[in-house]
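Trainee: Predicted model, plus sequence, below.
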Amino acid sequence: MANIDADDQAKLFIGGSRNPDDTLNKAEFLDMKFGNRHGLVTGATGTGKTVTLQVLAEGFSRAGVPVFASDIKGDLSGVAAKGEPKDFLAKRAEQIGFADYEFEQFPVIFWDLYGTKGHRVRTTIAEMGPLLLARLMDASEPQEGVLNIAFKLADKAGLPLLDLKDLTSLLNYMAENASELSKEFGLISKASVGSIQRALLVLEQQGAEHFFGEPALKITDIMRVNPNSGYGQISILAADKLMMNPRLYATFLLWLLSELFEELPEVGDPDKPKLVFFFDEAHLLFDEAPKVLLDRVEQVVRLIRSKGVGVYFVTQNPLDVPESVLAQLGNRVQHALRAYTPREQKAVKTAADTFRPNPAFDCATAITQLGTGEALVSTLGGKGAPSMVERTLIRPPSGRIGPLTDAERQSVMDRSPVLGIYDEDLDRESAFEMLGARAKQAADAAAARKAEDELDPAPPAGSGETTGWTLPGFGNKDEDEPKGRRTVGRSGYQRETIIEAAMKSVTRTVATQVGRAIVRGILGSLKR
C-alpha cells in the first residue's frame, strides 16, 4: 500500500479516500487558504463527529491557526494531552497509508462561564445588546421595544450597563417613571417591564449572572499563538453544564461571533485563517429563532469570511441549518445518517444533493452505509470550486481521544497564558451604583429643603425658586430652566422629581435583593 504525504503545512490532512473495491485512492485535504470559507460536520450520534472535530482542530492548530470550540461532553479536552497507542488507531493509520502518524499534545486554554472547568468568560449587558438579550429571554416584540429604550436611555444618561443588577435597577426606574419617559422615548408599558424583570429573575436562577459582568472577554485572548511551538492555541469552552440552558449556550456563541465580526479588521482572503470557530450542537442556534436573528446569523456568516474567520457548524442533521446559511458552507464532512423516518430520508437526500457527485458511487446510498469514523468529504480547491465527493476514512487524531482528568485539566489551567486575568470578579461603578448615588443626593436635598421649610415659610407661589435634581441627558423639557433644578409651580405643588422616583426605585431594588439573599440563606439552612 502506498504511503500518503501529510506533511504539506498549507493543507490540513483529513483522511484517505477509498476506491469501490476498498483500496486506497488518495489523501483528502482541506486547503488552508479556503479554511475561512466555513464548513459543516454532520452525522448521527456515535458516527465520529467529535473525533472529526478534534482532527480538524489539531490540523488548524498545527498550521498556526487559533481555534475556538465548544466541548459538549468533555471529550475534546483530551487534545491537551499526547495520544496513547491503541490498536484501532494503528489499524486506521495503516488503512489510509499514514506512515508518519505520531502522537502529540496541543496548547489549550480552557474556558467556562461558571468558572469551574476553565477560566471565567464574561461579557457586559451593554456588549450583549438588546437583540441578543431579547433572544436570551425569549422576549416578545413589545418587550424587545422596552429593552431598546432601556439601552438608549442608559446611553443618553451615561449609565454603564455591566451586569444584571444594573439592568434591573434601570428597569425599576423606567417602571416608576413610565409616563414621563414615554413622552420622550415612546410608549413604555409597565406590564412589559414587569415581564422583562421576571425573565431576568429566571436567567439569574439559571446562572446567567455568571456570564454578565467584568472583566469582559477580550477577543485577542482567543486568538493566541503559542510562542514556543508556533501552534495556534485551542480555546475549549466547557459546555457540559452550560448545555442545561441551551438558549444561553447558543446566545453566548452567537455573541462571540458577532464580537469577532465587529472588532476584527478586513483581511480579504489570507493564506490561512486568523481564527477557526467550531459551533457544536448548532441546531440550538436556529431552533425557534425569529427572522431578525436568522438574518443576523446569515449576515455574520457571509461577511466574517473577509475578517479571516472560518465558522464550522457541527450538528446531527443538515436540515438543522437554514438553507441561507448552508449555502455559505464550502467544506463538508458528512458522517452516516439513518433513514428510518420521512424526515431522516429527506435529510439524506438533502445531504447528498449538496455534494458534487462522484460517478463511482451513489451518494445517498453511501450516506446510510458509512461506518464509524468514515465520512463523505468534499472541500474547496483550485479556484474555490468544491471537489468531487469522496468516501473517506478520517485520520486518527494525534491528541488523546477522551477527556482529561480533573487534575490534568487543572494543571493545564495553572500554566495558562490568561491565568489570573479573568478569574476574579470586577465590580466597578455602573448604573446600579450611579442611580443609588443620585438617589441619595436627592434624598439629602429633600431633607435639607424640609429643614429649611420648617425654619422659613415657603416662598410665594410663582416666585420661580428651584430645587432638586434630574438625571443628566433627559428629563428637562424647558431649556430656560436651570439644568438639574425643578420649579415650584403656581399652585405651590412640588412634583416628585425623576431622581426622587429613582431613589425609591433603587431602594426597593436593594431591599428586594437583600431579602432574596436572606430567603436563600434560610432555605439553604433548612436543606442542611
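Mentor: Structure received. Numbering: from 1, shown residues only.

Trainee: C-alpha from now on. contacts and neighbour counts both.
Mentor: OK.

Trainee: Output the below-cut-off pLDDT ranges for this protein.
Mentor: Confidence mapping of the chain against pLDDT under 70 gives the ranges 1-9, 456-528.

Trainee: so which helix or strand takes in Val377?
Mentor: For Val377, the host element (DSSP states H and E) is strand 374-378.

Trainee: what element comes up after that strand heading to the C-terminus?
Mentor: Sequence-wise, the next helix or strand beyond strand 374-378 is strand 380-381, with elements assigned using DSSP H and E.

Trainee: Which elements pack onto the helix or strand that that following strand is followed by?
Mentor: Sequence-wise, the next helix or strand downstream of strand 380-381 (DSSP H and E) is strand 385-386. Secondary structure elements in contact with strand 385-386, counted by 3 or more CA pairs under 8 Å, 6 or more residues apart in numbering; DSSP states H and E, are absent; no helix or strand qualifies.

Trainee: partners of strand 385-386 in the sheet?
Mentor: Its sheet considered, strand 385-386 pairs with strand 380-381 (antiparallel) by DSSP bridges.

Trainee: Tell me how far the partner strand lies from the chain's centre.
Mentor: Mean C-alpha position of strand 380-381 versus that of the full chain (CA atoms, centre = their mean, to the nearest Å) differs by 29 Å.

Trainee: what's in contact with it?
Mentor: In this structure, residues lying in contact with strand 380-381 by CA atoms under 8 Å, 6 or more residues apart in numbering are Leu30, Asp31, Phe34, Gly330, Asn331, Pro386, Ser387.

Trainee: Pretty sure Ser378 sits against Leu329.
Mentor: No - using CA atoms under 8 Å as the test, Ser378 is too far from Leu329 to be in contact (10.9 Å).

Trainee: Same drill for these two, tell me which one is more crowded.
Mentor: With other CA atoms under 10 Å as the criterion, Ser378 and Leu329 differ in neighbour count, and Ser378 comes out ahead with 26 against 21.

Trainee: How about the contacts made by the more buried one?
Mentor: For Ser378, the contact set (CA under 8 Å, 6+ apart) comprises Asn331, Arg332, Val333, Phe355, Arg356, Pro386, Ser387, Met388, Val389, Glu390.

Trainee: need the residues you listed in JSON lines with distance to Lys450 and secondary structure, can you?
Mentor: Shown next, in JSON lines, are the contacts of Ser378 (distance: CA to CA, whole Å; DSSP: H, G, I helix; E, B strand; the rest coil):
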{"residue": "Asn331", "distance to Lys450": "73", "secondary structure": "strand"}
{"residue": "Arg332", "distance to Lys450": "74", "secondary structure": "strand"}
{"residue": "Val333", "distance to Lys450": "75", "secondary structure": "strand"}
{"residue": "Phe355", "distance to Lys450": "80", "secondary structure": "coil"}
{"residue": "Arg356", "distance to Lys450": "82", "secondary structure": "strand"}
{"residue": "Pro386", "distance to Lys450": "79", "secondary structure": "strand"}
{"residue": "Ser387", "distance to Lys450": "82", "secondary structure": "coil"}
{"residue": "Met388", "distance to Lys450": "84", "secondary structure": "strand"}
{"residue": "Val389", "distance to Lys450": "83", "secondary structure": "coil"}
{"residue": "Glu390", "distance to Lys450": "85", "secondary structure": "strand"}
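
Trainee: Please pick the buried ones from the residues you listed.
Mentor: For the contacts of Ser378, burial is judged from neighbour counts taken by 16 or more other CA atoms under 10 Å, and it is met by Asn331, Arg332, Val333, Phe355, Pro386, Ser387, Met388, Val389, Glu390.

Trainee: what about Glu28, how many neighbours?
Mentor: 25.

Trainee: wait, I meant Asp100
Mentor: For Asp100, the neighbour count with other CA under 10 Å is 11.

Trainee: same deal with Asp353?
Mentor: If you count neighbours by other CA under 10 Å, Asp353 ends up with 12.

Trainee: ok, now Thr23?
Mentor: In terms of burial, Thr23 registers 12 neighbours under the definition other CA under 10 Å.

Trainee: Tell me which strands the strand holding Val377 pairs with, and in which orientation.
Mentor: Sheet pairing of strand 374-378 (DSSP bridges) gives strand 331-334 (antiparallel), strand 390-394 (antiparallel).

Trainee: Is it possible to get CSV of those that adds distance to Thr365?
Mentor: As requested, those are exported to CSV (distance: least, CA to CA, whole Å):
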stretch, distance to Thr365
strand 331-334, 13
strand 390-394, 12
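
Trainee: so which of these gets nearest Ile421?
Mentor: Closest to Ile421 of these is strand 331-334 (CA to CA; 35.7 Å).

Trainee: Heading C-terminal from the closest one, find the next helix or strand.
Mentor: Scanning forward in sequence from strand 331-334, with DSSP H and E defining helices and strands, the next element found is helix 342-353.

Trainee: How far off centre is that next one?
Mentor: Relative to its parent chain, helix 342-353 has a centroid offset of 29 Å by CA atoms, centre = their mean.

Trainee: which among the contacts of strand 380-381 gets closest to Val55?
Mentor: If you rank these by distance to Val55 using CA to CA, Leu30 comes first, at 11.5 Å.

Trainee: The closest one should be in a helix, yeah?
Mentor: No - counting by DSSP: H, G, I helix; E, B strand; the rest coil, one finds Leu30 to be strand, located in no helix.

Trainee: Please name the residues that touch it.
Mentor: Applying CA under 8 Å, 6+ apart as the definition, the contact partners of Leu30 turn out to be Lys11, Leu12, Phe13, Ile14, Asn331, Thr379, Leu380, Gly381.

Trainee: Mark which of those residues are buried, thanks.
Mentor: For those, a burial check counting by 16+ other CA under 10 Å picks out Lys11, Leu12, Phe13, Ile14, Asn331, Thr379, Leu380, Gly381.

Trainee: Could you check how far the first one is from Val412?
Mentor: Counting by CA to CA, to the nearest Å, the gap between Lys11 and Val412 amounts to 28 Å.

Trainee: do the fifth one as well
Mentor: For Asn331, the distance to Val412 (CA to CA) stands at 32 Å.

Trainee: Over to the third one?
Mentor: Between Phe13 and Val412 the distance, using CA to CA, works out to 27 Å.

Trainee: Likewise for Glu84?
Mentor: Glu84 is 18 Å from Val412, where distance means CA to CA.

Trainee: So which of the two has more stuff around it?
Mentor: The neighbour comparison of Glu84 against Val412 (other CA under 10 Å) goes to Val412, with 19 against 14.

Trainee: give the contact list for that one.
Mentor: With contacts taken as CA under 8 Å, 6+ apart, Val412 has the following neighbours: Ala80, Val108, Ile109.

Trainee: Helix or strand: which one has it?
Mentor: Counting by DSSP H and E, Val412 is found in helix 406-414.

Trainee: Any buried residues in that helix, and which?
Mentor: Judged by neighbour count using 16+ other CA under 10 Å, the buried positions of helix 406-414 are Arg409, Gln410, Val412, Met413.
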